[in-house]
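*Asks:* Just a sequence and a predicted model for now, questions to come.
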Amino acid sequence: MHSDAMNGLVRNSLQGICLIGMLVLASATISHAQTEQLEAELHQFGDIELITFEGREDFLSKIDTALGLGNIKDPDQTFARLPRSPFTVTGRQNGQALTTCRIFVPAGLTPENNTEIFAELMRNWFGTNLDYASNTDLTYRWLIFHEARHCQPDHFGGDVLKDHRDEHEADLFAFNKLASAKNRDQLAIDITAFRMITSALIARPSHMTGLSLKRALEERKPLDASVEMAAFQTVRAMINRRAKSIATAINPTNRELIRAITELRKETGQETSRSSDPPTVEILIALDDAIAHFAPALHQSVANVRAN
């Protein structure tokens with residue numbers, strides 16, 4: 001997840017250790033008992049520690065305890081900007097995978113703070129209390145299980161196409177581990193909507209996986225990663241242009257952003273649509289539906305204003 005919002009994956013070359021940072025936002029201080037319970041679940045995937053931290057100093061202290069700052073090349077530069085979400089620290093030393101994989105979670109972003117990880121990762125643009133088909137606990141666990149997949153050696157870095165594939169694999173891994181006959185459809189709706197929004201509005205290219213996830217869960221033919229990333233970048237540029245054209249201030253508000261998306265979505269169904277590119281059209285439709293899913297009242301209020 002990314003300072004460009006979906007600041008998702010941070011990969012840094014370290015001295016003897018390859019650090020992989022996957023951003024996944026959370027929202028409140030996990031109590032010790034809750035952390036241990038979730039960590040115990042993660043042990044089915046290997047030697048994984050789940051660690052919360054309060055800020056930069058606490059994070060550096062815990063990194064020093066776990067790995068030793070002396071083993072990390074230029075730690076001040078490496079950790080100049082801490083992730084806004086959970087991320088995975090793992091890698092290799094002397095050619096061998098580190099024994100323990102560590103998932104770090106900002107303490108102020110965990111569920112106990114009564115904040116929602118999806119809302120936070122979407123910068124609260126659509127509200128702090130969203131509507132879900134499943135529930136906030138399940139979506140939080142999905143993101144943590146996503147991180148657990150990155151603990152495996154085959155996710156230890158690569159080019160943007162490799163990173164994109166890793167992100168998609170991690171999404172499906174977490175879904176398949178958590179989905180049941182009772183929650184499968186509901187969880188699929190929530191995570192698809194989340195990935196469509198973050199891919200279109202916030203994520204870096206390697207994390208633009210919304211269409212890949214959507215098509216996989218719909219059991220449709222996959223899309224080439226390079227085509228998907230290009231389509232999301234095209235949509236983001238379209239939205240930015242439209243939102244700026246209707247904004248009444250320097251930066252568009254969340255309502256102006258939603259208006260831009262709904263207008264572009266409407267145009268995709270008209271002959272005068274500027275884009276006949278199927279992935280772009282699919283993204284705009286799914287993106288608008290995703291916002292309506294998580295924030296139906298806000299989405300409808302924008303539609304009502306436009307109608308008036």
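*Replies:* All right, it came through fine.

*Asks:* quick one: Arg84 and Gly46, what's the gap?
*Replies:* Distance, Arg84 to Gly46, using CB to CB, to the nearest Å: 26 Å. For the C-beta atoms, the positions are set from N, CA and C on the backbone; glycine is no exception.

*Asks:* Have a look at those two and say which one is more surrounded.
*Replies:* Each of Arg84 and Gly46 has its neighbours counted (other CB atoms under 10 Å); Arg84 has more, 21 against 14.

*Asks:* before we move on, what SS does the more buried one have?
*Replies:* coil (DSSP: H, G, I helix; E, B strand; the rest coil).

*Asks:* Show the pLDDT at it.
*Replies:* pLDDT, Arg84: 78.

*Asks:* Does it touch Phe104 like I think?
*Replies:* No. Using CB atoms under 8 Å as the test, Arg84 is too far from Phe104 to be in contact (11.7 Å).

*Asks:* Show me the shaky parts of the stretch 101-250 of the chain.
*Replies:* For the stretch 101-250 of the chain, not a single residue meets the criterion pLDDT under 70.

*Asks:* what about the helices in it?
*Replies:* Assigned by DSSP state H, counting those that start in this stretch, the stretch 101-250 of the chain shows helices spanning 117-121, 136-149, 160-178, 184-201, 210-217, 225-246.

*Asks:* Next, the buried residues of the third one.
*Replies:* When neighbours are counted by 16 or more other CB atoms under 10 Å, the buried residues of helix 160-178 are found to be 160, 163-175, 177-178.

*Asks:* So which elements touch that helix?
*Replies:* Applying 3 or more CB pairs under 8 Å, 6 or more residues apart in numbering; DSSP states H and E, one finds that helix 160-178 contacts strand 9-13, helix 136-149, helix 184-201, helix 210-217, helix 225-246.

*Asks:* got it, and the shortest one?
*Replies:* Judged by 3+ CB pairs under 8 Å, 6+ apart, the packing partners of helix 117-121 are helix 136-149, helix 184-201.

*Asks:* The closest residue to Lys221 other than its chain neighbours and Gly108, how far apart?
*Replies:* Nearest residue to Lys221 in three dimensions, chain neighbours excluded: Arg215, at 6.9 Å (CB to CB, 6 or more residues apart in numbering). Separation of Arg215 from Gly108 (CB to CB) stands at 35 Å.

*Asks:* Please apply the same query to Leu187.
*Replies:* Counting by CB to CB, the gap from Leu187 to Gly108 is 25 Å.

*Asks:* give the contact list for the residue nearest to Arg141 when sequence neighbours are not counted.
*Replies:* Spatially, and ignoring its direct neighbours in sequence, Arg141 is nearest to Leu178 (6.1 Å; CB to CB, 6+ apart). Counting by CB atoms under 8 Å, 6 or more residues apart in numbering, Leu178 touches Leu138, Arg141, Trp142, Phe145, Leu187.

*Asks:* Show me which of the residues you listed are buried.
*Replies:* Buried members of these, scored by 16+ other CB under 10 Å, are Leu138, Arg141, Trp142, Phe145, Leu187.

*Asks:* quick check, nearest of those to Val89?
*Replies:* Relative to Val89, the closest of these is Phe145; by CB to CB it sits at 16.7 Å.

*Asks:* contacting residues around the closest one?
*Replies:* Residues in contact with Phe145, defined by CB under 8 Å, 6+ apart, are Leu42, Phe173, Ala174, Lys177, Leu178.

*Asks:* For the nearest residue to the fourth one once chain neighbours are set aside, give its distance to Leu138.
*Replies:* What that stands for is Lys177. Closest residue to Lys177 apart from its sequence neighbours, by CB to CB, 6+ apart: Phe145 at 5.5 Å. Phe145 sits 10 Å away from Leu138, going by CB to CB.

*Asks:* Glu120 too?
*Replies:* Following CB to CB, the distance that separates Glu120 from Leu138 is 16 Å.

*Asks:* same deal with Leu257?
*Replies:* Separation of Leu257 from Leu138 (CB to CB): 27 Å.

*Asks:* And Leu42, by the same measure?
*Replies:* Here Leu42 is placed at a distance of 15 Å from Leu138 (CB to CB).

*Asks:* Mind giving me the packing neighbours of the helix or strand harbouring Lys62?
*Replies:* Lys62 is part of helix 56-66, with elements assigned from DSSP states H and E. Secondary-structure packing of helix 56-66 (3+ CB pairs under 8 Å, 6+ apart): strand 48-53, strand 101-106.

*Asks:* what's the average pLDDT for it?
*Replies:* pLDDT averaged over helix 56-66 gives 87.

*Asks:* Give me the contact list for that helix.
*Replies:* 49, 51, 53, 69, 72, 75, 79, 82, 89, 100, 102, 104, 107.
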